[in-house]
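**Student:** All I have is the shape, not the residue letters:
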């Protein structure tokens, strides 16, 4: 993302809006500037702020006069008065920043919006995670810290060493050169993104050891990690996972519950044709 | 995407909090179809889902590709600084659905969520329906509605460089947009503005809600959090 210096009036509204804190007012030019290394191309500033399309010269003049008299104008905090925020054309490898940061960009690998797959949200029709299995959703950079692929690779390489299975349709997996070793494409390792989700699947009995390894690895990376673990319930709606997690001392207060109300509405031949 | 899974509360505090307050004003029900499995007539199914939700007075509804009931606008004029259009518009959400997405309804009380789920069960839309909420409350809702849970996913918290995260109140607000579009700095600024009496909690909550791209930001809960943090009466 860039800020057009001819339009920017240095009102500062965009500064706190950036989830990465990548925007500041440069005193040398008196305009807002984006730190390109920290910007993750999430489009929160461009899309989240309302726009007024005012004349920049007029706005600067009014602001200068107000400042002279120490008047404080109390503007709406989520408006860019002159439409100065401008998306830039992204090329490889920087383009992965937007793919993992802007939720309105669907991943080519999954076809869905967001940074992972549908996980167990559609498990009632996909049966992705079966009884006796656990699905892990390990999200790097969330909440609001961001992550670089080099840190993610450090964890995926160690997890691969444990022999876990990476979800094939996951966007991070699609960027691996060697999923069996958890290695990610070299040219994107220094790219920063808002967050990326690594999805793995194991047998339920391996949940404690995998979580222990993720905990150990989380101390070695320069970001935060949010962890989710899922499983399929039995016919009565009971799940054995909670007991395992609580025994290991993990919080289980919040979660997602798939109600099992989805059903296959296409015939098998139609599904085969579609796939 | 796990956009509603990791909403911060005292239950996930980095230093354990004795007897954390139960969360009783944040229940999300969302629907998702699967390509080539049950995505026939999906626009109609999603619209039906949201129309049913509106009967139970959600505090927000959203389409993950377009936004929620309150959105930024590209055509503002300077009058907005004195007279901002803060109205919540559910019809723009329903009208905007045009294909694959996830649709969600956010409720600030258990009964509304449960009534909605019961209606979904009898309506039988055929798409996957999930509750994102305290897991015991979701289980209770299933039991009372005669639903057997299919799958569960637990948030087991945050790890790593936790010192990079903001304070608990800011996290409670900013994690209500799981995609991370609501920055911690902006949430903190809104808290400060309410403390300085420059804006009301209602206005501050709406500014934040505009950044949430999928409409799962709980506007009513945000107001309560801001009031609590600023020692204002609920």
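**Tutor:** Thanks, I have it. Source: prediction; values computed, not measured.

**Student:** Show me the helices in chain B, by range?
**Tutor:** B:42-54, B:90-96, B:110-123, B:135-145, B:168-174, B:184-195, B:201-209, B:219-229 (DSSP state H).

**Student:** What are the phi and psi values at residue A:136?
**Tutor:** Per-residue torsions, residue A:136: phi -110, psi 140 (degrees, to the nearest 10).

**Student:** I'd say it and residue A:227 touch.
**Tutor:** Yes - at 7.1 Å, residue A:136 counts as touching residue A:227 under the criterion of CB atoms under 8 Å. The C-beta positions use only the backbone N, C-alpha and C, and glycine is treated the same way.

**Student:** Contact partners for residue B:18?
**Tutor:** Shown in contact with residue B:18 (CB atoms under 8 Å, 6 or more residues apart in numbering or on different chains): no residues.

**Student:** er, residue B:191 actually
**Tutor:** Neighbouring residues of residue B:191 by CB under 8 Å, 6+ apart: B:169-170, B:173, B:204, B:226, B:229-230.

**Student:** mind running it again at 6 Å?
**Tutor:** By CB atoms under 6 Å, 6 or more residues apart in numbering or on different chains, the residues touching residue B:191 are residue B:229.

**Student:** Show the model's pLDDT score for it.
**Tutor:** pLDDT, residue B:191: 97.

**Student:** what number of residues lie near the residue nearest to residue A:103 when sequence neighbours are not counted?
**Tutor:** Distances taken as CB to CB, 6 or more residues apart in numbering or on different chains place residue B:179 nearest to residue A:103, at 4.2 Å, with adjacent residues excluded. Other residues within reach of residue B:179, judged by other CB atoms under 10 Å in any protein chain shown, total 28.

**Student:** now residue B:179: how far from residue A:47?
**Tutor:** Distance of residue B:179 to residue A:47, computed by CB to CB, to the nearest Å: 11 Å.

**Student:** give the contact list for the residue nearest to residue A:103.
**Tutor:** Residue B:179 touches A:103, B:3, B:213, counting by CB under 6 Å, 6+ apart.

**Student:** Generate a markdown table for the helices of chain B, with distance to residue A:99 as supplementary columns.
**Tutor:** Listed next are the helices of chain B as a markdown table, based on distance: least, CB to CB, whole Å:
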| stretch | distance to residue A:99 |
| --- | --- |
| helix B:42-54 | 24 |
| helix B:90-96 | 23 |
| helix B:110-123 | 33 |
| helix B:135-145 | 31 |
| helix B:168-174 | 22 |
| helix B:184-195 | 23 |
| helix B:201-209 | 25 |
| helix B:219-229 | 29 |
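
**Student:** Can you say which helix or strand has residue A:211 in it?
**Tutor:** Secondary structure from DSSP states H and E places residue A:211 in helix A:207-218.

**Student:** which residues touch that helix?
**Tutor:** A:134, A:155, A:158, A:202, A:225, A:244, A:248, B:159-160.

**Student:** Strands - which of those residues land there?
**Tutor:** Secondary structure from DSSP state E places A:134, A:202, A:225, B:159-160 of those in strands.

**Student:** and which of those is nearest residue B:127?
**Tutor:** Set against residue B:127, the nearest of the ones in strands among the contacts of helix A:207-218 by CB to CB is residue A:134 (24.8 Å).

**Student:** right, and the closest one touches residue A:205 too?
**Tutor:** No - contact between residue A:134 and residue A:205 fails when scored by CB atoms under 6 Å: they sit 8.9 Å apart.

**Student:** which of those two has more neighbours?
**Tutor:** residue A:134 (24 against 11).

**Student:** Can you report how many residues lie near the nearest residue to residue B:74 once chain neighbours are set aside?
**Tutor:** Sequence neighbours aside, residue A:51 is the residue nearest to residue B:74 in space, at 5.2 Å (criterion: CB to CB, 6+ apart). When neighbours are counted by other CB under 10 Å, residue A:51 registers 18.

**Student:** circling back: which among the contacts of residue B:179 count as buried?
**Tutor:** A:103, B:3, B:213 (16 or more other CB atoms under 10 Å in any protein chain shown).

**Student:** okay if I get the residues you listed as CSV plus pLDDT?
**Tutor:** What follows is the buried ones among the contacts of residue B:179, written out as CSV (pLDDT from 0 to 100):
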residue, pLDDT
A:103, 89
B:3, 80
B:213, 92
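
**Student:** Residue B:4 contacts residue B:178, doesn't it?
**Tutor:** Yes - look at residue B:4 against residue B:178 with CB under 6 Å: they come within range, at 5.5 Å.

**Student:** between the contacts of residue B:179, which is nearest residue B:115?
**Tutor:** residue B:3 (24.2 Å).

**Student:** Could you count how many residues lie near the closest residue to the closest one other than its chain neighbours?
**Tutor:** Distances taken as CB to CB, 6+ apart put residue B:178 closest to residue B:3, at 3.2 Å, once the chain neighbours are dropped. Residue B:178 is flanked by 27 other residues according to other CB under 10 Å.

**Student:** confidence score at the nearest residue to residue B:147 once chain neighbours are set aside?
**Tutor:** Spatially, and ignoring its direct neighbours in sequence, residue B:147 is nearest to residue A:259 (5.3 Å; CB to CB, 6+ apart). Per-residue confidence (pLDDT) for residue A:259: 97.

**Student:** now do the one 4 residues further on
**Tutor:** The model reports residue A:263 with a pLDDT of 92.

**Student:** roughly how far apart are it and residue A:125?
**Tutor:** 7 Å.

**Student:** Comparing the two, which shows the higher neighbour count?
**Tutor:** Neighbour totals were compared for residue A:263 and residue A:125, and residue A:125 leads with 23 against 14 (other CB under 10 Å).

**Student:** and the more buried one, what element?
**Tutor:** helix A:123-126.

**Student:** Can you list the neighbours in contact with that helix?
**Tutor:** A:129, A:258, A:260, A:262, A:264, B:34, B:37-38, B:128, B:150-151.

**Student:** at 7 Å what do you get?
**Tutor:** A:129, A:232, A:258, A:260, A:262-264, B:34, B:37-38, B:128, B:150-151 (CB atoms under 7 Å, 6 or more residues apart in numbering or on different chains).

**Student:** again, but for stretch A:28-40
**Tutor:** A:1-3, A:5, A:8, A:10, A:14-15, A:20, A:22-26, A:97, A:101, A:146, A:192-194.

**Student:** one more time with 8 Å
**Tutor:** So stretch A:28-40 is in contact with A:1-3, A:5, A:8, A:10, A:12, A:14-15, A:18-26, A:84, A:97-98, A:100-101, A:146, A:192-194, going by CB under 8 Å, 6+ apart.

**Student:** so residue A:25 touches residue A:12, yeah?
**Tutor:** Yes - the criterion here is CB under 8 Å, and residue A:25 meets it with residue A:12 at 5.8 Å.

**Student:** what about the two, which has more around it?
**Tutor:** residue A:25 (17 against 14).

**Student:** ok, the more buried one - contacts?
**Tutor:** A:10, A:12, A:15, A:31-33.

**Student:** Does stretch A:168-176 reach chain B?
**Tutor:** No - residues of stretch A:168-176 are not located near chain B by CB under 8 Å from any CB of the partner chain, the shortest gap being 10.3 Å.

**Student:** which residues sit against that stretch?
**Tutor:** Contacts of stretch A:168-176 (CB under 8 Å, 6+ apart): A:96, A:99-100, A:107-110, A:115-117, A:149, A:152, A:156, A:166-167, A:179, A:182-185, A:188, A:196-199.

**Student:** Over to stretch B:81-94?
**Tutor:** A:74-76, A:79, B:47, B:50-51, B:54, B:60-63, B:66-71, B:73, B:103, B:202-203, B:206, B:215, B:219.

**Student:** hmm, which of these are the buried ones?
**Tutor:** A:75-76, A:79, B:47, B:50, B:60-63, B:66-71, B:73, B:103, B:203, B:206, B:215, B:219.
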